[in-house]
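Student: Predicted model and sequence follow; I will ask about them next.
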Amino acid sequence: MIYSKADKYFSLWIRLRDADEYGYAKCCTCNAHHPVKSMDCGHFIKRQHMATRFSEMNGNVQCKNCNAFEQGRNEVYEKFLVKKYGQDKVDLLKMQGNSTRKISKFELDQIAKYYKSEAEKLAKVKQIKIW
């Protein structure tokens, strides 16, 4: 799949970014605390929207229950984002999500390379083994 490497490394970086020094992370919507490798990179604006698919603000750690079985819990997710970034930035993110954008194969390759490198650095700093 054309997006798979970019998605893989973006997701890995988001989860490592949100992990604590013990390799655990807190779900942004229910506050469940689990090993980060068992968590998801949840998207507030769903991944089919290319303009925000690789937005660092749009991706945050979620437990599998909230992300998959509860369809992201967007009302709670939005409150989390407003608290973290402010209403103005969340409003801009929503507008960006409504825009149309195509991502070239070259750009996807660059995204994958960038987030792979950043994830490796972050894993080393936090001393978390990449899975």
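Tutor: Thanks, I have the structure now.

Student: Which residues are in contact with the residue most central in space within the chain?
Tutor: For the chain, the residue nearest the mean C-alpha position is Gly59 (2.5 Å; Cα atoms, centre = their mean). Applying Cβ atoms under 8 Å, 6 or more residues apart in numbering to Gly59 gives the contacts 10-11, 14, 41-43. For the C-beta atoms, the positions are set from N, CA and C on the backbone; glycine is no exception.

Student: For the chain, just list every one of the strands.
Tutor: Residue ranges of the strands in the chain, as given by DSSP state E, are 24-26, 33-35, 40-43, 59-62.

Student: how about the chain, which residue sits the furthest from its center?
Tutor: Quick read of the chain (Cα atoms, centre = their mean): farthest out is Phe106, 21.1 Å.

Student: For that one, give its distance to Glu56.
Tutor: Plainly put, Phe106 is 21 Å away from Glu56 if you go by Cβ to Cβ, to the nearest Å.

Student: and what of Asn31?
Tutor: Counting by Cβ to Cβ, the gap from Asn31 to Glu56 is 21 Å.

Student: Skipping adjacent residues, who's closest to the residue nearest to the centre of the chain in space?
Tutor: Closest residue in space to Gly59, ignoring its immediate chain neighbours: Ile14 at 4.4 Å, by Cβ to Cβ, 6 or more residues apart in numbering.
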